[in-house]
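Chemist: got a predicted structure here, sequence first:
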Amino acid sequence: KLQVSQLTATVKSAGDLIEEALSEKNEVESQVERIRSENEDLAREKETLETDFGNLLAKNYASLKRIEQLTSEIDDLEAQVDKIKLEKEDMSLRLRDTIEEKSAIEDVLTRRLSRRWSCGLGCCK
């Protein structure tokens, strides 16, 4: 009877150990499943971040190209402004020369006309 009682206690102990092991196994499986789910979530977030980063890089590149284009256009416009300023200076000089020539011609004409219309006695100039 002692052996049966010891055997019963041993079987009961083994049953408790098996139950405890199954409980731990279920807990570990649950943790593994949670970790898998978290890894899948992280993988999706990583993919989204990589896509967003790629889009951001593409937009940044497009912006840089646009800035280069605008800078080039600004340089062209500045060159045109410089050319116009030089043309304006040239035109101002030509206008000044033309005004001086006109004034000189008017002086010459005024002197000629005043001699022509004088009375010839020397009193009218």
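Modeler: It's in.
Chemist: secondary structure element for the residue most central in space within the chain?
Modeler: Nearest to the mean C-alpha position of the chain, by C-alpha atoms, centre = their mean, lies Ser63 at 3.5 Å. If you go by DSSP states H and E, Ser63 is part of helix 2-116.
Chemist: for that helix, give the mean pLDDT please.
Modeler: Averaging pLDDT along helix 2-116 gives 92.
Chemist: look up how far Asn26 lies from Ser13.
Modeler: 20 Å (C-beta to C-beta, to the nearest Å). The C-beta positions use only the backbone N, C-alpha and C, and glycine is treated the same way.
Chemist: got it, and Thr98?
Modeler: Taking C-beta to C-beta, one finds Thr98 at 105 Å from Asn26.
Chemist: ditto for Lys46
Modeler: 30 Å.
Chemist: got it, and Lys12?
Modeler: Distance from Lys12 to Asn26, by C-beta to C-beta: 21 Å.
Chemist: what do you get for Ser114?
Modeler: Distance from Ser114 to Asn26, by C-beta to C-beta: 128 Å.
Chemist: repeat that for Ile74.
Modeler: In terms of C-beta to C-beta, Ile74 sits 70 Å off from Asn26.
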